[in-house]
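What would the 3D arrangement of this be:
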Amino acid sequence: MESNGSARILVIDDNAGLRTSLASALESAGYSVRTGADGQQGVEIAREFKPEVVVCDMHMPNANGSSVLAALRNEEHFALSQFILMTGDLSGTPQRVGMNLGADDYLAKPFTVDEFLNCVSVRLQRSHLYKKAEDRALLHFRETITHSLPHEVFTPLTGILGFTEVLRDEIGHVSPAEASKMVSEIHVSAERLYRTLRNYLRILDVLNEKRPVGNIAERTKAGEVPGIVLTNAEAVAIRHGRQDSLSLDCEEVEIPLSPGDLATVVSELVDNACKYSVIGTPVTIKLSNPPDGARLEISDRGRGMSLDQIAQIGAFRQFDRKKYEQQGLGLGLTLTQHLVELPGGRFQLKSTDGKGTTVTASWPRSPVR
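Sure, this is the predicted structure:
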């Protein structure tokens with residue numbers, strides 16, 4: 001029987017004896033408990049029960065632990081839920097496998113009831129901390145990014161906390177190679193969090209810019225532009241493992257942006273092209289100097305966008321979030337558009353659904369006054 005106000009815990013395991021024992025221990029500790037006999041049933045129960053903690057076996061029929069985790073992590077309601085994976089396979093490094101799947105903790109079988117209850121308790125405490133932080137964030141940003149910011153901040157933050165906890169708790173028990181991989185994952189998550197916050201603060205600056213559109217504060221000289229474009233495009237491609245995808249054709253041309261803003265425009269456009277296209281397909285960058293002014297064109301052969309989606313581009317909008325894993329608040333395109341248009345430039349996006357996208361930034365030869 002469920003107790004009003006008690007934390008909701010879902011246990012998914014195909015071992016009926018273990019499932020019953022864990023449920024009994026949780027109920028004795030005062031939790032509200034539901035159980036599932038396999039992965040498919042577990043996902044269905046989770047959607048109805050909305051547990052704060054999901055405890056799931058790795059190896060089960062009808063969707064294993066990784067499938068359950070992937071299915072629920074893609075749903076907004078479970079963004080702050082805690083996932084504990086159980087495994088009896090001690091080969092390799094099970095905690096690494098779990099962390100790669102996005103789990104918050106893991107339990108290696110066999111474990112004691114005390115160990116199990118302690119793990120659940122720690123995860124609930126973490127969930128409540130996240131919830132308190134999310135509530136503060138929602139209160140502060142309610143008018144603009146009520147749903148997006150918590151997800152995009154806490155997702156990489158969860159990765160950072162998860163891997164640092166493993167390193168702290170398992171130090172001396174993981175190989176140097178595994179530790180190095182975990183540190184790399186921490187670095188990737190930290191970079192993602194940094195870019196999200198940087199873009200958010202930068203777009204607030206741009207939207208509050210006092211100078212009129214077309215009044216150029218700074219320009220990047222023609223001789224410097226190709227180097228900035230190449231350096232930033234290659235850095236983004238390396239981060240996505242897409243070095244071989246880049247195709248660059250860059251002329252020397254003066255751009256009415258500061259070097260920093262030009263770097264942001266290139267990085268955000270190439271990042272979108274890499275994220276929304278398949279490895280092995282080209283990402284083309286063309287910087288040209290036609291008679292009417294400077295032009296930067298970046299194209300990919302990815303999934304593209306519909307006309308309705310193009311018309312609705314906004315600072316905190318993302319498309320098909322349930323269908324595709326997306327990172328970032330959707331700030332990139334909006335920030336780029338504002339940076340391009342502030343000195344009198346033109347931002348154009350052409351896309352064919354399922355075939356690819358081309359973004360063109362162009363500026364007149366003489367500044368608009």
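
Report whether residue 14 is found in a strand, as I expect.
No. Per DSSP: H, G, I helix; E, B strand; the rest coil, residue 14 lies outside any strand segment and is coil.

burial of it, as a residue count?
Other residues near residue 14 come to 18 when the count uses other CB atoms under 10 Å. Every residue, glycine included, has its C-beta placed from N, CA and C.

which helices and strands sit right next to the helix or strand encompassing residue 9?
For residue 9, the host element (DSSP states H and E) is strand 8-12. Contacts defined by 3 or more CB pairs under 8 Å, 6 or more residues apart in numbering; DSSP states H and E place strand 8-12 against helix 16-28, strand 32-36, helix 39-49, strand 53-57.

Tell me which of these approaches residue 258 most closely.
Closest of these to residue 258 is strand 53-57, at 47.4 Å (criterion: CB to CB).

Provide the contact partners of the closest one at residue level.
7-15, 22, 39, 42, 46, 65, 68-69, 72, 78, 81-87, 107, 116, 120, 123-124, 127 (CB atoms under 8 Å, 6 or more residues apart in numbering).

Partner strands of the strand holding residue 9 and their direction?
strand 32-36 (parallel), strand 53-57 (parallel) (DSSP bridges).

any low-confidence regions in this structure?
Scanning the chain for pLDDT under 70 picks out 1-5, 74, 76, 89-102, 130-152, 203, 206-217, 305-331, 366-369.

what ranges do the strands span in it?
Ranges of strands in the chain, per DSSP state E, are 8-12, 32-36, 53-57, 82-87, 105-108, 246-250, 283-288, 293-300, 346-352, 356-364.

So which of these is nearest residue 256?
strand 356-364 (5.2 Å).

in the closest one, what's buried?
356, 357, 358, 359, 360, 361, 362, 363 (16 or more other CB atoms under 10 Å).

Then stretch 175-184?
Buried residues in stretch 175-184, counted by 16+ other CB under 10 Å: 178, 179, 181, 182.

How far off centre is that stretch?
21 Å (CA atoms, centre = their mean, to the nearest Å).

so which of the strands paired with strand 8-12 is the most packed in?
The highest mean neighbour count among the strands paired with strand 8-12, using mean count of other CB atoms under 10 Å, belongs to strand 53-57: a mean of 27.

I'd like the distance from stretch 195-207 to the chain centre, please.
17 Å.

burial count for residue 30?
Counted with other CB under 10 Å, residues neighbouring residue 30 total 10.

how close does the closest residue to it other than its chain neighbours get to residue 278?
Ranked by CB to CB, 6 or more residues apart in numbering and with sequence neighbours excluded, the top spatial neighbour of residue 30 is residue 6, at 5.5 Å. Separation of residue 6 from residue 278 (CB to CB, to the nearest Å): 46 Å.

the more surrounded of the two?
Between residue 6 and residue 278, counted using other CB under 10 Å, residue 6 has the larger neighbour count: 15 against 11.

what's near enough to touch the more buried one?
30, 31, 32.

Export only the CA atoms of stretch 254-270, formatted as CSV.
What follows is stretch 254-270, C-alpha atoms only, in CSV (Å, rounded to 0.1, in the frame of the first residue of the first chain):
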residue,chain,number,x,y,z
GLU,A,254,36.6,41.9,-43.9
ILE,A,255,33.7,41.0,-41.6
PRO,A,256,31.8,43.6,-39.5
LEU,A,257,32.0,41.6,-36.3
SER,A,258,34.6,41.5,-33.5
PRO,A,259,36.9,38.4,-33.7
GLY,A,260,35.1,37.0,-30.7
ASP,A,261,31.7,37.3,-32.2
LEU,A,262,32.9,35.9,-35.5
ALA,A,263,34.3,32.9,-33.7
THR,A,264,30.9,32.4,-31.9
VAL,A,265,29.0,32.6,-35.2
VAL,A,266,31.3,30.0,-36.9
SER,A,267,31.3,27.7,-33.8
GLU,A,268,27.6,27.7,-33.3
LEU,A,269,26.7,27.1,-37.0
VAL,A,270,29.3,24.3,-37.4
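
Kind regards, and thank you for your time.
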